[in-house]
Structure formats: structure tokens, C-alpha cells
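K.L.:
Kindly return the folded structure for what I paste below:
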Amino acid sequence: ASRWSGDSQVWWTGARPGGTLVLGVPVKVEGRYEVMAVCTKAHDYGTVTFSWAGAKPGAPVDLYDKDAVVTTSEVSLGVHDLKPGTAPLTVEIVGENPAATKAWMFGLDYLRFVPVKDPPPAAK
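P.N.:
Residues are numbered from 1 along each chain as shown. So this is what the prediction gives:
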């Protein structure tokens, strides 16, 4: 069985801290969604931040795993108002786990859009 959902990952190699990768993500939905990402973890993967469509980057995500090539659980990239089209996802290498092999690789398995219901109106 593959470790990735579609038997493959978006794989970025040869990066250094401070490097950025912008992926054009196809969006087919409209409305408020939480954007979730699943990434690859391995001994030579870096620590990254994600920025969806120019929003402020989220907290750093450490993609180091000492024993195996595995995937993360879903990482929230925040709640955003989506429109059909292509949205930029910026990945920045911000460093590495102290135990990591310094290759600063990055792998993205998938993105998932989770509908966010507006909170119910406050009771009067």
C-alpha cells in the first residue's frame, strides 16, 4: 500500500531555508472552508510554513520523522473564503528539526476543503 493517498506526492527538493514554493491549487468550491493539508515526514524533510492566497503564514510545521517516510495528520491552513479558480498556496522552508538531515525536502500528499458553517446567531 502506498503511503500517499493517490500513490504520489508533490515533492520539492533542492530547497534551502528561506526558499518558497508557490503551488496553483485548483478550487472548485465556493464559500467558507477550512483548508487542510497532509504532508510527508522523513528524516531529511524541513520545517515549513503555509500561506493560503496571500494570508499570513500559519505556525511552522516540522516534517521530520527519524524512522520512516510517513504522512502527517491533517494540518489546518486556516479558514478562508474560496471561489472557483486557482488559488496560490505558498510553502516556505523556515528551518529544520535539530535531528534532521539538512536536505529541507517538502512533500504534499493532498489538500482538503472542509465546509465551515457560520455560527448560529446569538440568542437575544
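
K.L.:
Let me know how buried the residue lying closest to G46 once chain neighbours are set aside is, in neighbour terms.
P.N.:
Excluding the flanking residues, the one nearest G46 by Cβ to Cβ, 6 or more residues apart in numbering is W104, at 3.7 Å. (Glycine included, C-beta is placed from N, CA and C.) Neighbourhood size, W104 [other Cβ atoms under 10 Å]: 24.

K.L.:
Kindly state the pLDDT recorded for W104?
P.N.:
We have a pLDDT of 97 for W104.

K.L.:
How about the contacts made by L21?
P.N.:
L21 makes contact with W12, A15, T90, V91, E92, F106, according to Cβ atoms under 8 Å, 6 or more residues apart in numbering.

K.L.:
got a pLDDT number for it?
P.N.:
L21 is given a pLDDT of 97.

K.L.:
What of Q9?
P.N.:
For Q9, pLDDT reads 88.

K.L.:
burial measure for it, as a count.
P.N.:
By other Cβ under 10 Å, 20 other residues sit near Q9.
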